[in-house]
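S.K.: Next comes the sequence, and after it the predicted model I'd like to discuss.
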Amino acid sequence: MSTAPRPWLFCFHHAGAGISSFARWQGVVGDAADVVPVLLPGRGSRVREARITDPGQLLGEIEELIGPMLDRPYLLYGHSLGGLVAYTFARTRAAAGSEPPALVAVGAVLPPHLRSPVLRSAALPDPELLELLVAYGALPPEALDDPGLWCRRVVPALRDDLRLGQALCEAAGPGLPVPLLALSGRHDPIAPTAGMAEWAGYATGGFRLRTVPGDHYFVRGGTAPRMLREAAARLRARTLRPESSRV
């Protein structure tokens, strides 16, 4: 068994959510990595804090949260909106000459130049946004039974996250110098596999696309953490290198 330290696996959540989707990941990843879900302001235990919609502020927030921990190898996984967050954070660190992650994995999110219909919907009036989110499975059908309640309690956070996603796309560019792994749900109506494949144009350090069972929220299943467990184990064994195209 390798004596290399266990890498970190930092996980970024999808829009309108907190870190509950990653609650079981450590049990799946095991001793291959230490799983650290990154909770952004405005949700969970940070619900009273203002949500972030500006990419620069977001990057500063993440650097403050996990920067002191980046003295050992690490990987990033971002789901949906979190994929844009992970990609932007990794690319910014690399451009600044800071130690980048050994791997960036993005799930259920189209590359910045495509943008899903959901991501493009931030400016819609509340009723139309609610209907679109239900149509794409981002909210349950019962949301339409009491639209006023959902528009008050749920839509504002989702709208802010969609604004953040749009801003991240506008600020993004190609040139990630580390391996990029794209995970695509076989039945994802928001980020279909053909679009996920176009992340290849953003990765100068190697690219791989893998499909997994499920829809847009496959993050709640076990396949994604198992794949990240494999990548972390290779990293710990010194067989995965930032300059390698193996992901």
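M.R.: Received, thanks.
S.K.: Name the residue closest to the centre of this protein, please.
M.R.: If you average the C-alpha coordinates of the chain and look for the closest C-alpha using CA atoms, centre = their mean, you land on G78, 1.7 Å from that point.
S.K.: measure it to P37 for me?
M.R.: In this structure, G78 and P37 are 11 Å apart, going by CB to CB, to the nearest Å. From N, CA and C alone the C-beta is placed, and that goes for glycine too.
S.K.: okay, and the common contacts of these two?
M.R.: Shared contacts of G78 and P37, defined by CB atoms under 8 Å, 6 or more residues apart in numbering, comprise C11.
S.K.: Give me the below-cutoff pLDDT ranges for this protein.
M.R.: Low-confidence regions of the chain, defined by pLDDT under 70, span residues 1-3, 238-247.
S.K.: if I pick F12, what's in contact with it?
M.R.: Listed by CB under 8 Å, 6+ apart, the contact partners of F12 are 38, 40, 76-79, 81-83, 85-86.
S.K.: Okay, and which of those residues map to strands?
M.R.: If you go by DSSP state E, the contacts of F12 have 38, 76-79 in strands.
S.K.: Export those residues to TSV and append columns for distance to P7.
M.R.: Formatted as TSV, the entries for the ones in strands among the contacts of F12 read as follows, by distance: CB to CB, whole Å:
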residue	distance to P7
V38	15
L76	11
Y77	12
G78	16
H79	19
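S.K.: Give me the buried entries from the residues you listed.
M.R.: Neighbour counting over the ones in strands among the contacts of F12 (16 or more other CB atoms under 10 Å) leaves 38, 76-79 as the buried ones.
S.K.: The residue nearest to the centre of the chain against V109, yeah?
M.R.: Yes - under the criterion of CB atoms under 8 Å, G78 lies in contact with V109, with a separation of 7.3 Å.
S.K.: Quickly list what's touching both of the two.
M.R.: With contacts taken as CB under 8 Å, 6+ apart, G78 and V109 have L84 as neighbours in common.
S.K.: my read: L183 touches R210, true?
M.R.: Yes - taking contacts as CB under 8 Å, L183 lies within contact range of R210: 5.7 Å.
S.K.: Next, show the common contact partners of the two.
M.R.: Here L183 and R210 have M227 as joint contacts, going by CB under 8 Å, 6+ apart.
S.K.: More neighbours: the two, which one.
M.R.: More crowded of L183 and R210, by other CB atoms under 10 Å: L183, with 27 against 16.
S.K.: Tell me the strands beside the strand or helix carrying that one, with direction?
M.R.: According to DSSP states H and E, L183 maps onto strand 180-185. In the sheet containing strand 180-185, the strands it pairs with under DSSP bridges are strand 103-107 (parallel), strand 207-212 (parallel).
S.K.: Next secondary structure element downstream of it?
M.R.: Toward the C-terminus, strand 180-185 is succeeded by helix 193-196 as the next helix or strand (DSSP H and E).
S.K.: Which residues does that following helix contact?
M.R.: Outside helix 193-196, the residues within contact range by CB under 8 Å, 6+ apart are 109-111, 114, 116, 182-184, 186, 209, 211.
S.K.: Export these as a markdown table, with columns for distance to P225.
M.R.: A markdown table is the format used below for those (distance: CB to CB, whole Å):
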| residue | distance to P225 |
| --- | --- |
| V109 | 17 |
| L110 | 22 |
| P111 | 23 |
| L114 | 26 |
| S116 | 24 |
| A182 | 16 |
| L183 | 11 |
| S184 | 16 |
| R186 | 17 |
| L209 | 18 |
| T211 | 16 |
